[in-house]
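Colleague: okay, here's the prediction I keep looking at, along with the sequence it came from:
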Amino acid sequence: MNKINDITLLTKLKSLQPSELQRQKSVEGAKKDGPSFQDVMKKAIEDVSGLEKEADQAITKLVEGRSDNIHEAMIALQKADLSFRAMMEVRDKLISAYKEVMRTTV
């Protein structure tokens, strides 16, 4: 009777584990659901870079005398600074999370 219970338990455990086909479907479904992590990070970096370029242009216009609006230049600088700082915080959190995962024993 013990052997029958072991076989039944083993059969039930195998049925709980996802099959290779189910794993492939879940990976394919994840790809179709939205942009990849790489795409999201690339877009964020491009956005920060764009804000820095806008700030540089505003400063250049101000220095060359093509613009008298110092407020716009300062706002552009602050936007670039804040977005860069936020990006660096996200980077630091990602690195911290990666290190934590690497310390985890399997």
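Modeller: Received it, and whenever you're ready, just let me know what you need. Please read all numbers here as calculations on a predicted model, not as lab measurements.
Colleague: got the domain ranges for the protein?
Modeller: Using automatic domain parsing, the domain parsing of the chain gives 1-33, 35-106.
Colleague: least confident of the ones you listed, on average?
Modeller: Mean pLDDT values for the domains of the chain show the minimum at domain 1-33, a mean of 58.
Colleague: same for the helix or strand harbouring Ile95, what does it pack against?
Modeller: Using DSSP states H and E, Ile95 falls within helix 70-103. Counting contacts by 3 or more C-beta pairs under 8 Å, 6 or more residues apart in numbering; DSSP states H and E, helix 70-103 packs against helix 37-64. Quick note: C-beta positions are derived from backbone N, CA and C, even for glycine.
Colleague: list the buried ones in the helix it packs on?
Modeller: Val48, Leu51, Glu52, Glu54, Ala55, Ala58, Ile59, Leu62 (16 or more other C-beta atoms under 10 Å).
Colleague: gap between Glu64 and Gln57?
Modeller: If you measure Glu64 against Gln57 using C-beta to C-beta, to the nearest Å, the figure is 11 Å.
Colleague: same check on Lys99?
Modeller: Distance from Lys99 to Gln57, by C-beta to C-beta: 38 Å.
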